[in-house]
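Chemist: just the structure for this:
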Amino acid sequence: MTFRQERTPWDPSARVPEAQIPETQVLKTQAPPTRAPKTQAGRTRDPQAEWSPGKATAALFVLATLACAAALAATYFFFVRTTTGQFIDESALVEAVELSGTAGKAATKLLDWLPALSVVIATVVVLFVTILRRRWAAAGIAVAACVGANVATQILKDLVPVRPYRGVETLELNSLPSGHTTMAASAAAAVFLMVSPRWRPLAGFLGGSFAVATGVSTLINQWHRPADVVAAFLVVGAFMLPAGWLIIRTGPHWNVWDGYGAHWAAARLWLALPVLAGLASAALASYSLLQTASGTGPESSTTTYFWAGTSLIVIAGYLATVAGIWLFGHAARRRRAPLR
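Modeler: Residues are numbered from 1 along each chain as shown. The predicted structure is shown next:
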């Protein structure tokens with residue numbers, strides 16, 4: 001009796017079509033897993049993030065910086081070198097005496113505490129963010145720009161010629177730009193540059209409000225004219241804009257966000273509030289100056305130019321705030337999809 005041995009698919013010597021091989025026995029060669037790129041701080045970059053800072057970002061930063069320098073020169077020429085500018089600027093300073101009561105005392109206290117308050121707030125926030133997030137390069141750039149703005153303010157005070165006589169009784173001593181306002185605005189700007197993009201709208205609104213309040217306080221206390229405060233804002237902008245661009249270029253791994261509304265600190269409310277404040281101030285300044293020019297205002301009013309000067313400070317401060325929030329939001333990277 002003869003036994004016949006038949007081959008089965010499990011016989012190693014048998015040739016079995018590949019389609020009959022169980023799926024669990026098919027071993028496919030897989031490429032080794034790729035590692036996510038590491039950032040400078042050792043953190044893994046978000047693979048869903050792409051570099052999409054908007055169009056002409058570098059050009060916008062250059063134009064904004066040049067605009068600050070040009071506006072600074074225009075502010076000096078109009079409010080220091082012309083009769084109309086001197087009259088408006090000096091009238092606002094003189095009329096501030098009418099508010100030298102309770103408001104003056106509060107302004108004096110704020111100005112007394114301002115140097116220490118600005119330095120303490122900025123130092124705490126910058127150190128906290130630097131140590132916690134390891135943003136050493138950003139901290140160095142922000143601090144250098146802050147120091148540069150304050151040094152430039154003091155240099156301008158010495159280099160700018162004295163106020164020429166244009167028929168307006170005023171002190172010939174140059175007071176442009178305001179040192180107190182420069183300190184407050186530069187400290188707020190340093191914090192703005194150090195925080196992540198989703199916190200910048202809130203930080204910009206709070207810092208801008210702090211700088212505006214400081215500028216108005218110098219006017220109420222008769223330390224500076226409105227043009228001095230506006231010039232201080234422009235000096236800070238001329239230094240902080242290039243610094244901000246360097247921070248974005250050297251720290252692309254953390255300058256990334258999901259856009260407005262993705263976080264409560266990035267709500268469009270922080271853009272709407274300064275816009276509304278600026279528009280209300282513009283309306284107030286226009287109404288006051290038009291009444292004065294037409295001669296229809298109340299004869300007993302002695303604060304028309306003060307309110308106009310205050311409105312100028314508010315408009316300039318909040319205009320810089322809105323422009324800064326928009327520009328840095330435009331330059332930050334955007335995620336394609338939220339983080340999981």
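Chemist: so M183 is in which element?
Modeler: Secondary structure assigned from DSSP states H and E places M183 in helix 179-194.
Chemist: skip ahead from that helix and say which helix or strand is next.
Modeler: Assigned by DSSP H and E, the successor of helix 179-194 is helix 200-220.
Chemist: list the buried residues for the helix or strand following that next one?
Modeler: Past helix 200-220, further along toward the C-terminus, the next helix or strand under DSSP H and E is helix 226-250. Buried residues in helix 226-250, defined by neighbour count with 16 or more other Cβ atoms under 10 Å: 226-248. (C-beta placed from N, C-alpha, C; glycine too.)
Chemist: about what we covered before: so what does the helix holding M183 touch, helix or strand wise?
Modeler: With contacts defined as 3 or more Cβ pairs under 8 Å, 6 or more residues apart in numbering; DSSP states H and E, the packing partners of helix 179-194 are helix 102-133, helix 136-159, helix 200-220, helix 226-250, helix 304-331.
Chemist: now do that helix against helix 304-331, angle only.
Modeler: Going by axes from the mean of the first three to the mean of the last three Cα atoms, to 10 degrees, helix 179-194 is angled at 20 degrees with respect to helix 304-331.
Chemist: coming back round to it: redo the helices and strands packed on helix 179-194 as a markdown table? Include distance to F77 and mean pLDDT.
Modeler: Putting these into a markdown table (distance: least, Cβ to Cβ, whole Å; pLDDT from 0 to 100) gives the following:
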| stretch | distance to F77 | mean pLDDT |
| --- | --- | --- |
| helix 102-133 | 28 | 77 |
| helix 136-159 | 14 | 93 |
| helix 200-220 | 20 | 92 |
| helix 226-250 | 10 | 95 |
| helix 304-331 | 16 | 93 |
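Chemist: ok, which of those helices comes nearest L60?
Modeler: Nearest to L60, of all the helices and strands packed on helix 179-194, is helix 304-331, at 6.1 Å by Cβ to Cβ.
Chemist: show me what that closest one is packed against.
Modeler: For helix 304-331, the helices and strands in contact under the criterion 3+ Cβ pairs under 8 Å, 6+ apart are helix 57-81, helix 83-95, helix 179-194, helix 200-220, helix 226-250, helix 269-294.
Chemist: so which of those helices is the most surrounded?
Modeler: Counting by mean count of other Cβ atoms under 10 Å, helix 179-194 has the highest mean neighbour count of these, with a mean of 28.
Chemist: with just CA atoms, put it into CSV.
Modeler: Presented in CSV, the C-alpha positions along helix 179-194 are these (Å, rounded to 0.1, in the frame of the first residue of the first chain):
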residue,chain,number,x,y,z
GLY,A,179,11.1,110.5,30.0
HIS,A,180,8.4,109.2,32.3
THR,A,181,6.2,108.2,29.4
THR,A,182,9.1,106.6,27.6
MET,A,183,9.9,104.5,30.7
ALA,A,184,6.3,103.4,31.1
ALA,A,185,5.7,102.7,27.4
SER,A,186,9.0,100.8,26.9
ALA,A,187,8.4,98.6,29.9
ALA,A,188,4.9,97.8,28.6
ALA,A,189,6.4,97.1,25.2
ALA,A,190,9.0,94.7,26.6
VAL,A,191,6.3,92.7,28.2
PHE,A,192,4.3,92.7,25.0
LEU,A,193,7.3,91.3,23.1
MET,A,194,8.0,88.6,25.6
